[in-house]
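Enquirer: When you get a sec, could you give me coordinates for this:
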Amino acid sequence: MSKYIFITEAALDACLTNSAFNQDFLPKIGEEIRSEVLSQDIVGYFAANEPDNPYFALIKRECLDELKKVTDLADDVYRRIVRVVIGLKSPPIHLPRQWSEYHHRNLLAFFALPKGASTRRWVADLNGALKGVRFDVLAATNAEVDLIKHGPEPWPDSIHVAITSLASHKFEPNRALVASALAPEVDLKAIGSASVASNRTYEEWEAHLTASQKNVLKHPIDSSVRIVGPAGSGKTLALCMRAIQISRSPDVRAKGKRILIATHSWAMAERIDGVLSMLNGGYPASGITAFPLLSLLELHAGHIGQQRTDVIGDDSSDGRSKSLDIIKHILESFDKKNRDGTSDWISSGLQAVSESRLRLELVINLYDEIAGVLTASGVSPDDPDSIRQYINSEREDWMPPFSTVVDRGFVVAVYREFIQNLIDRSSITTDQFVLDSIRVLETFTWRMRKETEGYDYIMVDELQLFDPQERSALELLGRSKKGVPFITAEDPSQGVFAALNARPGMYQNELVYLDTVHRFNKEIFDLISYIYQKFPLNTLPLKIDSSKDTQRESPCLYTTENDSAAVSLVAQLAETINNSTTPSDRICIATLGDVDAELCKVLTTQRLMVTRLTSFDDVEQLSYSKRSIIIAPWQFIGGTQFSHVIVVAAAITPPQSQFGKLRELISVYLSCSRAAESLSIVSSGYTPAVISEAKDQGLITHKSSSN
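Expert: Residues are numbered from 1 along each chain as shown. Coordinates of the predicted model:
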C-alpha cells in the first residue's frame, strides 16, 4: 500500500460534487477519475483534461485512517483539504474562523473536521513552487500546536517524479460525460457567482453594461463611489468590475496597492471570489482580498493580550444567530408572572410556547434592541446612569417597539442576563468584538501597523447589512491617515437599520443609482417595482432591461386555511415545478415563518432532493451540491438568484409596530426579488399587507389552493 495519495484540485472537485469516496476515504475510480501509481510510495488520482502542473494535495494514508475512526463522512475531510489547496492559488490563505487557523511561515494548522466531530488538527505544509499542500501530520487530541517549534519532515524524494509522471497519464472524457457537464449542476455556481457574472470576462462585460453601470467605471480611480439600486440591478457586478478596473491600473500595480472587498459573511466572500475569478478570465485577481469583516478584525485587531478572543459566532451573521439562541434560552427561564405592565405583544410572547412565532418575534426584537440600541449606545448593566438614560430616552420610528418605560425595564432585565451568560462562557458577542476592535484600531500601534497592513481601497458589498459600528471599523482599516477611497454597493430596502446607518464619511461618495433591472421577467418586475416604491425613500422609477419584456404568467398567490395546508400546497407546487424544469433551473422555497423543518420532511418523503439553509454560511453545502430545492428563511438568501421561487407566508402574524411592518416589507421584498422566471406566494390565515395590496392592483393572480 502506498504511503501517500496525490490528488489534483480537479479530482477533488469532481469527487466532492458526486460524494465519490469509498469506505477507505479514497476517491472512487470511474469515468471522471483515473488512478495511477506515480512513484514507489505515491498513488495519484486525477481528472480529465488536467492542466500542466495542476495544484494538488499530498495526503498521508495513515492520517486518513485516523480520521476514519472519528467520522464516516469523507466529504467533511476533503472539503477542508480542497479549500486549502484552492487558497494556495492566491496566498495568503485565510480560512473560516471556526477552523481556528494558525500560520507560521509555510505551515498552516487548522481543525480537520467541524467542531464537535473532532479536535484533531491538520498541520499542512504549503509549497507554492510545487503548487502542492502536504497533509501528513494530525496533531493529537487536545494538543496545542506550536508551529514555531514544529519541524516538518522533508517532502518525499519522489514528489518530482510523481508530478512528471502525471503528465503522461492525461486522458480525455468520453462524449457522454462532456454532454452532461457538472458545472451547470452545482448549486452555488448557479445561484451565486455565475448568476452575477454570467460567465463573461471583464472585457466582454464592458460591451453589455447599462449606462448607469458604465458610470461606475467612469469615475477617477481614487474616487469614492456609492452604488445604489434595487434587487437585480447588477450592483455586485458593478462593484466587482470596479475592483478589477482598479487592480489593473498601472499605478496601483506598480505601488503594490491593496484592495479590500469586505462582506458580511463567508458565503458572500465566496461569491465575490467567484465573480472576480470569472471576470479575470478564470484566474485569481491580483491585489484584491475578499474577506468577511469579522475575520478581518480578528486578523488585524483580534489578538488583544496573549489570548485569542473567544467570539460567539463565526461571522457577523452567525454571531447574530448565536445571540438569538442565548436570548431564547433566557426567556425560557424567565418568571413570566412578574412581567405585569409590559405591552400586550411582550406579554403574549412570554406566555407563548417556545417555538411559536409570537415568541420568535419577541426574541428578534430583543436582539435588535440589545445590538442596535443598548450596545451601540454603550449602555452597561453595571452603569446606573446609562441604564437610567436608556429607560427614559425618547423612541424613534426605526427602533424596536419597546415603547414604555416598563418595556425598557424588561429589556434591561434580559440584557443583564445576556451579559452574565457571556461572562459565564468567557465569551463576547460579535457586536462587542467589533466595538473592542474599533478601540484597538484607534490606537497609535495600529496607526503604525496600517502603513503595511492596511488597505488602499475599501469596497463593501451589501452595505445595508452592516451596522454603524461595523462601518466605523471598516473605515479604520484604510492605510491612509486622510482616508481611502470607499466603493460601496447597497439596496437600503433590504436593511432594517438602513436609515440609522448613514455615516457622513461614506455618504459623501459619488452616488451612482442603478435603475435598470436585469433579473426578472416583465410580470415579476412589475410586482418588485411596486413593492420597492413602498419604501419611504424609494421614489425614483425603475426600468426593466428591454430583453426581459416578455409576456409570462403573473406572480400567483395561494391562500390556505392553516399552516399544515400551506406546507402541503408548497410541497405540491415544488414537485410540479421540479418535474417541468430544465437542468439549469433552480428552485428556492423562501420562508417568512418557522416552517422549514416541516417542509424538508414533506419534500423528502416525495423523494425530492432538498438542501436546507440555516445560516448565511451554509454555502459550504452548496459548493459541491448538485441541483436541489433550496429551503431557507428569507434572511439567508440575499445575493442569490433562482429561476423559480415559492414564498411561504405561513406561521406569521400581523405586525403590531412600525418596526415590525418594516421588517415584514423587507422580508417580502427580499424573498420575491430572488425569482427570475416564476414566483408563487402561499399564505395561511394572514397574508402580508403589501401582497394583498399588490393583488388588488392586479399585479398578482389569486388562485384557490385547490387549483
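Enquirer: number of nearby residues for H94?
Expert: 20 (other Cβ atoms under 10 Å). For every residue, glycine as well, the C-beta is placed using N, CA and C.
Enquirer: likewise A675?
Expert: 27.
Enquirer: list the buried ones in the host helix or strand of L662?
Expert: L662 belongs to helix 658-672 when elements are defined using DSSP states H and E. By 16 or more other Cβ atoms under 10 Å, the buried positions in helix 658-672 come out as 659-660, 662-672.
Enquirer: next one: stretch 284-297
Expert: By 16+ other Cβ under 10 Å, the buried positions in stretch 284-297 come out as 285, 287-297.
Enquirer: and stretch 697-707, what's its mean pLDDT?
Expert: For stretch 697-707, the mean per-residue pLDDT is 80.
Enquirer: er, stretch 83-96 I mean
Expert: For stretch 83-96, the mean pLDDT works out to 81.
Enquirer: quick one: terminal-to-terminal distance for it?
Expert: Using Cα to Cα, to the nearest Å, one end of stretch 83-96 lies 10 Å from the other.
Enquirer: now do stretch 465-484
Expert: 21 Å.
Enquirer: In that stretch, which residues are buried?
Expert: Of the residues in stretch 465-484, those buried (16+ other Cβ under 10 Å) are 465-467, 469-479, 484.
Enquirer: which one in those is the model shakiest on?
Expert: Among the buried residues of stretch 465-484, D467 has the weakest pLDDT, 75.
Enquirer: I'd like the distance between it and G638.
Expert: Going from D467 to G638 by Cβ to Cβ, to the nearest Å gives 16 Å.
Enquirer: which residues sit in contact with the residue nearest to Y513 when sequence neighbours are not counted?
Expert: Distance criterion Cβ to Cβ, 6 or more residues apart in numbering; nearest residue to Y513, sequence neighbours excluded, is V228 at 5.3 Å. V228 makes contact with 235, 489-492, 511-514, according to Cβ atoms under 8 Å, 6 or more residues apart in numbering.
Enquirer: could the residues you listed be laid out in TSV, adding secondary structure and pLDDT?
Expert: Below are the contacts of V228 laid out as TSV (DSSP: H, G, I helix; E, B strand; the rest coil; pLDDT from 0 to 100):
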residue	secondary structure	pLDDT
K235	helix	89
A489	strand	90
E490	strand	86
D491	coil	83
P492	helix	71
L511	strand	82
V512	strand	85
Y513	strand	83
L514	coil	84
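Enquirer: For the residue nearest in space to the middle of the chain, give me phi and psi.
Expert: The centroid of the chain falls nearest to A267 when counting by Cα atoms, centre = their mean (2.8 Å). Dihedral angles of A267 (phi, psi; degrees, to the nearest 10) stand at phi -60, psi -40.
Enquirer: ditto for G132
Expert: When quoted as degrees, to the nearest 10, the phi and psi of G132 stand at phi -130, psi 160.
Enquirer: ok, now T582?
Expert: The phi/psi pair for T582 (degrees, to the nearest 10) reads phi -90, psi 160.
Enquirer: Counting neighbours, what do you get for it?
Expert: Neighbours of T582 using other Cβ under 10 Å come to 7.
Enquirer: how much space between it and N49?
Expert: T582 is 25 Å from N49, where distance means Cβ to Cβ.
Enquirer: returning to what we had before: now find how far off-centre the helix holding L662 is within its chain.
Expert: 20 Å (Cα atoms, centre = their mean, to the nearest Å).
Enquirer: Mind listing residues that contact that helix?
Expert: 231, 361, 364-365, 368, 397-401, 493-496, 524, 527-528, 531-532, 534-535, 555, 590, 592, 634-635, 637-638, 645, 647, 649, 652, 655, 679, 681, 688-691.
Enquirer: Stretch 236-250 too?
Expert: Applying Cβ under 8 Å, 6+ apart, the external contacts of stretch 236-250 come out as 196-197, 202, 205, 209, 213, 216-217, 221, 225, 227, 252-253, 259, 261, 271-272, 275-276, 279-280, 285-288, 457, 459, 461, 487-489, 512, 514, 639.
Enquirer: Spatially nearest residue to I86, not counting backbone neighbours?
Expert: Nearest to I86 is E9, by Cβ to Cβ, 6+ apart, at 6.8 Å.
Enquirer: ok, longest helix in the protein?
Expert: Ranked by residue count and defined by DSSP state H, the top helix of the chain is helix 405-425.
Enquirer: And the next helix or strand after that helix, what does it pack against?
Expert: On the C-terminal side of helix 405-425, the closest following helix or strand by DSSP H and E is helix 430-441. Identification of packing neighbours for helix 430-441 by 3 or more Cβ pairs under 8 Å, 6 or more residues apart in numbering; DSSP states H and E yields helix 293-301, helix 316-332, helix 468-476.
Enquirer: weakest of the ones you listed in terms of mean pLDDT?
Expert: Comparing mean pLDDT across these, the weakest is helix 316-332, with a mean of 78.
Enquirer: Past that one, which element shows up next along the chain?
Expert: Moving toward the C-terminus from helix 316-332, the next helix or strand (DSSP H and E) is helix 344-351.
Enquirer: so for the next helix or strand after that following helix, what's the average pLDDT?
Expert: With elements assigned by DSSP H and E, the helix or strand that comes after helix 344-351 is helix 357-369. Averaged across helix 357-369, pLDDT comes to 83.
Enquirer: centre of the chain versus the following helix or strand past helix 357-369, how much separation?
Expert: Next helix or strand after helix 357-369 toward the C-terminus (DSSP H and E): helix 384-391. Chain-centre distance of helix 384-391: 36 Å, with Cα atoms, centre = their mean.
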